[in-house]
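Build me a model:
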Amino acid sequence: MAMSASALPTPLPWQQPLWQHFLELYRSGRLPHALLLSGPHGVGKQRFAEALLGYLLCASPGDVACGQCHGCHMLASGYHPDLLRVSPEEGKRQIRIDPIREVNAFVAQTAQQGGHRVIVLSPAEAMNVAAANALLKSLEEPGQRTLFLLLADVPSRMLATIRSRCQHWSLPLPEPEQSQAWLTQQLGSREEAEFWYRVSGNLPLLAAELATPESRALRKQLHETFDALVRGAEPVAEAARLDRQSLESILWYGIAWLEDLIRLGLSGESAQLRNPDLLPLYRQAVKNARVQDWFRLLDFAREQRRLLASGGNPNPQLVLEAWLVRWSTLLRS
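Numbering: from 1, shown residues only. I've put the predicted structure just below:
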(Lines give C-alpha, C1' and ligand atoms only; values in the text may rest on other atoms or scores of the structure.)
Protein backbone atom coordinates (compact mmCIF):
# COMPACT_ATOMS: atom_id res chain seq x y z
CA MET A 1 0.00 0.00 0.00
CA ALA A 2 1.38 3.44 -0.94
CA MET A 3 1.95 6.01 1.79
CA SER A 4 -0.10 9.21 1.70
CA ALA A 5 1.61 12.20 0.06
CA SER A 6 1.71 14.04 3.41
CA ALA A 7 3.60 11.13 5.04
CA LEU A 8 6.31 11.03 2.35
CA PRO A 9 9.55 12.67 3.45
CA THR A 10 10.04 15.46 0.91
CA PRO A 11 12.13 18.65 0.93
CA LEU A 12 10.44 22.00 1.51
CA PRO A 13 9.72 24.22 -1.53
CA TRP A 14 12.66 26.57 -0.88
CA GLN A 15 15.05 23.61 -0.53
CA GLN A 16 14.57 22.44 -4.11
CA PRO A 17 17.88 23.86 -5.48
CA LEU A 18 19.83 22.09 -2.71
CA TRP A 19 17.78 18.92 -3.29
CA GLN A 20 18.64 18.97 -7.01
CA HIS A 21 22.30 19.34 -6.03
CA PHE A 22 21.95 16.23 -3.82
CA LEU A 23 20.34 14.28 -6.68
CA GLU A 24 23.13 15.25 -9.07
CA LEU A 25 25.79 14.07 -6.61
CA TYR A 26 23.95 10.86 -5.83
CA ARG A 27 23.28 9.95 -9.45
CA SER A 28 26.86 10.65 -10.48
CA GLY A 29 28.28 8.60 -7.57
CA ARG A 30 29.88 11.67 -5.95
CA LEU A 31 27.81 11.82 -2.75
CA PRO A 32 30.18 12.46 0.20
CA HIS A 33 30.19 10.08 3.18
CA ALA A 34 29.39 12.83 5.70
CA LEU A 35 27.17 15.91 5.39
CA LEU A 36 26.94 18.71 7.92
CA LEU A 37 23.54 20.42 7.54
CA SER A 38 23.55 23.77 9.30
CA GLY A 39 21.19 26.70 9.78
CA PRO A 40 19.16 28.33 12.53
CA HIS A 41 16.48 26.35 14.35
CA GLY A 42 13.31 26.60 12.28
CA VAL A 43 14.85 26.79 8.81
CA GLY A 44 14.02 23.14 7.99
CA LYS A 45 17.21 21.11 8.58
CA GLN A 46 15.33 18.15 10.04
CA ARG A 47 12.84 18.11 7.18
CA PHE A 48 15.63 18.10 4.59
CA ALA A 49 17.49 15.35 6.46
CA GLU A 50 14.33 13.21 6.61
CA ALA A 51 13.81 13.60 2.85
CA LEU A 52 17.45 12.71 2.20
CA LEU A 53 17.61 9.63 4.42
CA GLY A 54 14.20 8.52 3.12
CA TYR A 55 15.59 8.70 -0.41
CA LEU A 56 18.70 6.69 0.46
CA LEU A 57 16.75 3.97 2.27
CA CYS A 58 14.14 3.67 -0.49
CA ALA A 59 14.46 0.66 -2.82
CA SER A 60 13.21 2.47 -5.93
CA PRO A 61 13.36 6.25 -5.54
CA GLY A 62 12.41 8.67 -8.29
CA ASP A 63 12.99 12.34 -7.53
CA VAL A 64 11.96 11.54 -3.94
CA ALA A 65 11.39 8.31 -1.98
CA CYS A 66 8.70 6.13 -3.61
CA GLY A 67 6.57 5.66 -0.47
CA GLN A 68 5.63 2.14 -1.60
CA CYS A 69 8.60 -0.17 -1.00
CA HIS A 70 9.38 -2.18 2.11
CA GLY A 71 12.12 0.31 3.08
CA CYS A 72 9.72 3.26 2.96
CA HIS A 73 7.15 1.39 5.04
CA MET A 74 9.73 0.41 7.66
CA LEU A 75 10.85 4.03 7.87
CA ALA A 76 7.25 5.24 8.20
CA SER A 77 6.67 2.71 10.99
CA GLY A 78 9.53 4.28 12.98
CA TYR A 79 12.14 1.54 12.58
CA HIS A 80 14.63 0.78 9.82
CA PRO A 81 17.58 -1.54 10.55
CA ASP A 82 19.95 0.55 8.42
CA LEU A 83 19.15 3.84 10.14
CA LEU A 84 20.67 4.96 13.44
CA ARG A 85 19.64 8.20 15.12
CA VAL A 86 21.76 9.74 17.88
CA SER A 87 20.54 12.58 20.12
CA PRO A 88 21.01 13.52 23.77
CA GLU A 89 19.25 11.17 26.18
CA GLU A 90 15.94 12.39 27.55
CA GLY A 91 16.54 15.13 30.11
CA LYS A 92 20.19 15.51 29.02
CA ARG A 93 21.78 18.14 26.84
CA GLN A 94 24.94 16.35 25.74
CA ILE A 95 25.64 13.42 23.44
CA ARG A 96 28.07 11.30 25.45
CA ILE A 97 30.50 8.63 24.34
CA ASP A 98 28.30 5.51 24.79
CA PRO A 99 25.90 6.29 21.90
CA ILE A 100 28.93 7.03 19.70
CA ARG A 101 30.34 3.58 20.50
CA GLU A 102 27.04 2.23 19.16
CA VAL A 103 27.62 4.26 16.00
CA ASN A 104 31.05 2.69 15.57
CA ALA A 105 29.57 -0.81 15.97
CA PHE A 106 26.75 0.05 13.54
CA VAL A 107 29.22 1.25 10.91
CA ALA A 108 31.19 -2.00 11.22
CA GLN A 109 28.13 -4.05 10.17
CA THR A 110 26.80 -4.56 6.64
CA ALA A 111 23.51 -3.01 5.56
CA GLN A 112 20.66 -5.43 6.30
CA GLN A 113 18.56 -4.28 3.35
CA GLY A 114 21.45 -4.20 0.92
CA GLY A 115 21.34 -0.44 0.40
CA HIS A 116 22.73 2.52 2.33
CA ARG A 117 23.33 2.85 6.04
CA VAL A 118 22.51 6.27 7.46
CA ILE A 119 23.57 7.74 10.81
CA VAL A 120 21.86 10.96 11.95
CA LEU A 121 23.46 12.99 14.76
CA SER A 122 21.33 15.87 16.00
CA PRO A 123 22.22 18.35 17.34
CA ALA A 124 25.80 17.55 16.38
CA GLU A 125 27.17 20.38 18.53
CA ALA A 126 25.80 18.54 21.59
CA MET A 127 28.58 15.93 21.35
CA ASN A 128 31.03 16.33 24.21
CA VAL A 129 34.76 16.16 23.49
CA ALA A 130 35.07 12.43 24.26
CA ALA A 131 32.11 11.61 22.00
CA ALA A 132 33.43 13.78 19.18
CA ASN A 133 36.87 12.20 19.38
CA ALA A 134 35.33 8.72 19.38
CA LEU A 135 33.40 9.56 16.21
CA LEU A 136 36.49 10.61 14.26
CA LYS A 137 37.62 7.10 13.33
CA SER A 138 34.21 6.20 11.87
CA LEU A 139 34.13 9.48 9.95
CA GLU A 140 37.55 8.71 8.50
CA GLU A 141 36.73 5.09 7.58
CA PRO A 142 32.96 4.92 7.14
CA GLY A 143 32.80 1.88 4.85
CA GLN A 144 30.81 1.49 1.64
CA ARG A 145 27.41 3.14 1.15
CA THR A 146 27.39 4.83 4.53
CA LEU A 147 26.24 8.39 5.07
CA PHE A 148 26.65 10.47 8.22
CA LEU A 149 24.15 13.31 8.54
CA LEU A 150 25.16 15.86 11.18
CA LEU A 151 22.63 18.58 11.97
CA ALA A 152 23.80 21.73 13.76
CA ASP A 153 22.30 25.13 14.58
CA VAL A 154 25.75 26.51 15.43
CA PRO A 155 28.47 24.43 13.71
CA SER A 156 31.24 26.59 15.21
CA ARG A 157 30.52 24.83 18.52
CA MET A 158 31.67 21.52 17.00
CA LEU A 159 35.26 20.33 16.98
CA ALA A 160 37.12 21.57 13.91
CA THR A 161 38.32 18.01 13.28
CA ILE A 162 34.69 16.86 12.94
CA ARG A 163 33.72 19.76 10.67
CA SER A 164 36.71 19.16 8.43
CA ARG A 165 35.59 15.59 7.72
CA CYS A 166 32.14 16.64 6.55
CA GLN A 167 30.90 18.43 3.48
CA HIS A 168 29.11 21.50 4.84
CA TRP A 169 25.69 22.42 3.42
CA SER A 170 24.13 25.57 4.82
CA LEU A 171 20.33 25.40 4.57
CA PRO A 172 18.91 28.43 2.71
CA LEU A 173 16.55 30.96 4.26
CA PRO A 174 13.40 31.19 2.12
CA GLU A 175 12.02 34.39 0.63
CA PRO A 176 9.23 35.93 2.77
CA GLU A 177 6.56 35.32 0.10
CA GLN A 178 7.54 31.64 -0.17
CA SER A 179 7.60 31.21 3.61
CA GLN A 180 4.27 32.89 4.15
CA ALA A 181 2.59 30.92 1.37
CA TRP A 182 3.78 27.68 3.00
CA LEU A 183 2.80 28.89 6.47
CA THR A 184 -0.65 29.92 5.28
CA GLN A 185 -1.18 26.33 4.14
CA GLN A 186 -0.03 25.01 7.51
CA LEU A 187 -2.00 27.45 9.71
CA GLY A 188 -5.02 27.98 7.47
CA SER A 189 -4.92 31.79 7.64
CA ARG A 190 -2.80 34.44 5.92
CA GLU A 191 -3.12 36.73 8.95
CA GLU A 192 -1.90 34.01 11.31
CA ALA A 193 0.96 33.16 8.97
CA GLU A 194 2.15 36.78 8.83
CA PHE A 195 1.95 37.22 12.59
CA TRP A 196 3.85 34.05 13.57
CA TYR A 197 6.38 34.50 10.78
CA ARG A 198 7.20 37.90 12.26
CA VAL A 199 7.35 36.58 15.82
CA SER A 200 9.70 33.77 14.75
CA GLY A 201 12.22 36.15 13.20
CA ASN A 202 11.42 34.97 9.65
CA LEU A 203 11.95 31.23 10.26
CA PRO A 204 8.94 29.37 8.84
CA LEU A 205 9.20 26.05 10.69
CA LEU A 206 9.83 27.86 13.95
CA ALA A 207 6.76 29.99 13.19
CA ALA A 208 4.66 26.83 12.81
CA GLU A 209 6.11 25.57 16.11
CA LEU A 210 5.27 28.83 17.92
CA ALA A 211 1.71 28.69 16.62
CA THR A 212 0.97 25.37 18.36
CA PRO A 213 -1.45 25.58 21.31
CA GLU A 214 1.30 24.73 23.84
CA SER A 215 3.61 27.49 22.61
CA ARG A 216 0.79 30.02 22.44
CA ALA A 217 -0.11 29.18 26.03
CA LEU A 218 3.47 29.74 27.20
CA ARG A 219 3.71 33.06 25.34
CA LYS A 220 0.42 34.19 26.91
CA GLN A 221 1.60 33.14 30.37
CA LEU A 222 4.87 35.05 29.95
CA HIS A 223 3.00 38.13 28.76
CA GLU A 224 0.81 37.96 31.87
CA THR A 225 3.93 37.51 34.03
CA PHE A 226 5.55 40.67 32.70
CA ASP A 227 2.33 42.64 32.98
CA ALA A 228 2.19 41.50 36.62
CA LEU A 229 5.79 42.62 37.19
CA VAL A 230 4.95 46.07 35.85
CA ARG A 231 2.09 46.22 38.37
CA GLY A 232 4.50 45.34 41.20
CA ALA A 233 4.15 41.56 41.49
CA GLU A 234 6.78 39.62 43.41
CA PRO A 235 9.29 38.15 40.86
CA VAL A 236 10.15 35.04 42.90
CA ALA A 237 6.46 34.14 43.15
CA GLU A 238 6.05 34.73 39.41
CA ALA A 239 9.06 32.47 38.73
CA ALA A 240 7.42 29.72 40.79
CA ARG A 241 4.38 29.85 38.49
CA LEU A 242 6.66 29.12 35.53
CA ASP A 243 8.58 26.25 37.12
CA ARG A 244 7.08 23.56 34.88
CA GLN A 245 7.94 25.39 31.68
CA SER A 246 11.06 24.92 29.59
CA LEU A 247 13.76 27.38 30.69
CA GLU A 248 15.19 27.37 27.18
CA SER A 249 11.82 28.41 25.70
CA ILE A 250 11.36 31.12 28.34
CA LEU A 251 14.82 32.52 27.60
CA TRP A 252 14.12 32.39 23.86
CA TYR A 253 11.01 34.55 24.30
CA GLY A 254 12.79 36.83 26.76
CA ILE A 255 15.70 37.43 24.39
CA ALA A 256 13.36 38.19 21.47
CA TRP A 257 11.41 40.65 23.65
CA LEU A 258 14.59 42.33 24.91
CA GLU A 259 15.82 42.74 21.33
CA ASP A 260 12.49 44.37 20.51
CA LEU A 261 12.81 46.66 23.53
CA ILE A 262 16.31 47.75 22.53
CA ARG A 263 15.19 48.30 18.93
CA LEU A 264 12.33 50.47 20.16
CA GLY A 265 14.52 52.31 22.67
CA LEU A 266 17.16 53.16 20.09
CA SER A 267 14.94 54.11 17.15
CA GLY A 268 11.58 54.94 18.66
CA GLU A 269 10.07 53.09 15.70
CA SER A 270 7.61 50.23 16.18
CA ALA A 271 7.45 49.08 12.54
CA GLN A 272 10.34 46.61 12.90
CA LEU A 273 9.19 44.98 16.14
CA ARG A 274 8.85 41.19 16.00
CA ASN A 275 6.08 41.26 18.63
CA PRO A 276 3.91 44.26 17.79
CA ASP A 277 1.12 43.06 20.09
CA LEU A 278 3.46 43.71 23.06
CA LEU A 279 3.97 47.40 22.23
CA PRO A 280 2.13 48.70 25.37
CA LEU A 281 4.42 46.58 27.59
CA TYR A 282 7.50 47.73 25.65
CA ARG A 283 6.53 51.41 25.99
CA GLN A 284 6.17 51.03 29.74
CA ALA A 285 9.56 49.27 29.95
CA VAL A 286 11.36 51.81 27.74
CA LYS A 287 9.99 54.61 29.92
CA ASN A 288 11.34 53.02 33.11
CA ALA A 289 14.91 52.02 32.20
CA ARG A 290 17.85 52.99 30.01
CA VAL A 291 18.80 51.09 26.88
CA GLN A 292 22.16 50.03 28.37
CA ASP A 293 20.26 48.37 31.25
CA TRP A 294 18.32 46.27 28.74
CA PHE A 295 21.60 45.36 27.03
CA ARG A 296 22.94 44.03 30.34
CA LEU A 297 19.81 41.96 30.87
CA LEU A 298 20.11 40.66 27.31
CA ASP A 299 23.72 39.62 27.97
CA PHE A 300 22.59 37.74 31.08
CA ALA A 301 19.87 35.86 29.17
CA ARG A 302 22.19 35.00 26.29
CA GLU A 303 24.85 33.71 28.65
CA GLN A 304 22.34 31.46 30.44
CA ARG A 305 21.12 30.16 27.08
CA ARG A 306 24.70 29.52 25.96
CA LEU A 307 25.35 27.56 29.15
CA LEU A 308 22.27 25.44 28.50
CA ALA A 309 23.28 24.79 24.88
CA SER A 310 26.83 23.85 25.83
CA GLY A 311 25.60 21.17 28.22
CA GLY A 312 25.96 23.23 31.37
CA ASN A 313 23.48 22.47 34.08
CA PRO A 314 22.36 25.72 35.71
CA ASN A 315 19.56 25.41 38.27
CA PRO A 316 16.50 26.38 36.18
CA GLN A 317 14.55 27.84 39.09
CA LEU A 318 17.45 29.96 40.31
CA VAL A 319 18.15 31.23 36.78
CA LEU A 320 14.50 32.11 36.30
CA GLU A 321 14.27 33.87 39.65
CA ALA A 322 17.47 35.87 39.04
CA TRP A 323 16.29 36.86 35.59
CA LEU A 324 12.81 37.98 36.71
CA VAL A 325 14.27 39.89 39.66
CA ARG A 326 16.43 41.82 37.17
CA TRP A 327 13.43 42.46 34.92
CA SER A 328 11.35 43.57 37.87
CA THR A 329 14.03 45.99 39.09
CA LEU A 330 14.23 47.63 35.68
CA LEU A 331 10.49 47.77 35.15
CA ARG A 332 10.04 49.60 38.47
CA SER A 333 13.08 51.89 38.29
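
what separates P88 from L12, distance-wise?
With distances defined as CB to CB, to the nearest Å, the gap from P88 to L12 amounts to 25 Å. Every C-beta, even on glycine, is put in place using the N, C-alpha and C of the backbone.

Between these two, which has more neighbouring residues?
For P88 and L12, the more surrounded residue by other CB atoms under 10 Å is L12, and the numbers stand at 21 against 16.

did I read that right, L147 in a strand?
Yes. For L147, which was evaluated using DSSP: H, G, I helix; E, B strand; the rest coil, the result is membership in a strand.

residues contacting it?
Taking CB atoms under 8 Å, 6 or more residues apart in numbering as the contact definition, L147 lies against 31, 33-35, 53, 56, 116-119.

Report the buried residues of the longest helix along the chain.
As assigned by DSSP state H, the longest helix anywhere in the chain is helix 247-267. For helix 247-267, the buried set under the neighbour-count rule, 16 or more other CB atoms under 10 Å, comprises 247, 249-265.

which residues of the stretch 151-300 of the chain fall in helices?
With DSSP state H, counting those that start in this stretch as the definition, the stretch 151-300 of the chain shows helices at residue ranges 160-163, 176-187, 190-199, 204-210, 213-230, 235-241, 247-267, 279-288, 291-309.

orientation of the longest one relative to helix 213-230 in degrees?
I take that to be helix 247-267. Using axes from the mean of the first three to the mean of the last three CA atoms, to 10 degrees, one finds that helix 247-267 and helix 213-230 are set 60 degrees apart in direction.

Relative to the whole chain's centre, how far out is helix 247-267?
In terms of CA atoms, centre = their mean, to the nearest Å, the centre of helix 247-267 is found 18 Å from the chain centre.

avg pLDDT for that helix?
Over the span of helix 247-267, the pLDDT mean works out to 92.

now do the second one
Averaged across helix 176-187, the pLDDT comes to 93.

Make 20 the starting number, not 1.
OK, 20 is where the count begins now, so the last one is helix 195-206.

helices or strands next to that helix in the packing?
Identification of packing neighbours for helix 195-206 by 3 or more CB pairs under 8 Å, 6 or more residues apart in numbering; DSSP states H and E yields helix 209-218, helix 223-229.

ok so, going back, Throw the helices of the stretch 170-319 of the chain into CSV and include distance to P36, thanks.
Putting these into CSV (distance: least, CB to CB, whole Å) gives the following:
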stretch, distance to P36
helix 179-182, 23
helix 195-206, 12
helix 209-218, 21
helix 223-229, 16
helix 232-249, 30
helix 254-260, 46
helix 266-286, 29
helix 298-307, 38
helix 310-328, 30
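
just to revisit the earlier point, which residues are in contact with the longest helix of the chain?
Contacts of helix 266-286 with the rest of the structure, by CB under 8 Å, 6+ apart, involve 218, 220, 234, 237-238, 241, 245, 261, 288-289, 291-294, 297-298, 301-302, 304-305, 310, 313-314, 316-317, 320-321, 323-324, 327, 335, 338-339, 342, 346.

one step back: of the helices and strands packed on helix 195-206, which is nearest P80?
Taking CB to CB as the measure, the helices and strands packed on helix 195-206 were each checked against P80, and helix 223-229 came out nearest at 23.8 Å.
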